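Undergrad: give me a model of this one.
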Amino acid sequence: MMKPNHMIQSQPNSKIRSKLSQDDRPKVRSPIRILCHVTSSENNCHLCMRYLDPKTAQVKQRSGSTGLLGFQKSKRSTAYASEELIRKMFNQLHREVKEEEHRVRIDLVFSGYGQGRVSMVKMRLQLGFPVRSLSDATPLAHNGCRPKKPRRV
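TA: Next up is the predicted model:
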């Protein structure tokens, strides 16, 4: 059985109207979200960064502390030590995602009341990565447990 003529003929502008194939479409990439935990105590300062690697689609984690940089004893808790820590960590991050740097978004989570807390924020602003959110996860005391009954003598 023959098909009618109008079904066989192709439309003259079919190439113009055809949609782009999957390979020809521009790839829209989502931003690289980095979760950065900063723990600043009386004696030390820790920094931990987690992100999804765009090339291998694996979660990568980078962590460091001022003690690992070679600062000893009371020098670990100084503002200078925490500046050096964040400079080292973000330079390492910059090397890993240098071609995708424009897509990096950072979520900063702070905890603790050490000296390095404020200097971490200042140093991060100098390095130029955009911060998406700042949050504080410092545990706060809320009167705690009931004290023991006083002893009567």
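Undergrad: could you use CA atoms for every contact and neighbour count after this?
TA: OK.
Undergrad: which positions are bridged to residue 46 in the beta structure?
TA: Counting by DSSP bridges, residue 46 forms beta bridges with residue 39, residue 65.
Undergrad: tell me, how many residues neighbour it?
TA: Here the count is done by other Cα atoms under 10 Å, and residue 46 has 20 residues near it.
Undergrad: hmm, who's touching the top helix by length along the chain?
TA: Scanning the chain for the longest helix, with DSSP state H as the assignment, gives helix 79-96. By Cα atoms under 8 Å, 6 or more residues apart in numbering, the residues outside helix 79-96 that reach it are 45, 47, 62-66, 69, 71, 75-76, 101, 115-120, 123-124, 127.
Undergrad: need the next SSE after that helix, C-terminal direction.
TA: Using DSSP states H and E, the helix or strand that follows helix 79-96 towards the C-terminus is strand 104-111.
Undergrad: by contact count, what packs against that next one?
TA: Contacts defined by 3 or more Cα pairs under 8 Å, 6 or more residues apart in numbering; DSSP states H and E place strand 104-111 against strand 32-40, strand 131-136.
Undergrad: what angle separates that strand from strand 131-136?
TA: Using axes from the mean of the first three to the mean of the last three Cα atoms, to 10 degrees, the direction of strand 104-111 lies 10 degrees away from that of strand 131-136.
Undergrad: return the list of strands paired to strand 104-111, each annotated with direction.
TA: When pairs are called by DSSP bridges, strand 104-111 turns out to pair with strand 32-40 (parallel), strand 131-136 (parallel).
Undergrad: list the buried residues of the longest helix of the chain.
TA: 79, 81, 82, 83, 85, 86, 87, 89, 90, 94 (16 or more other Cα atoms under 10 Å).
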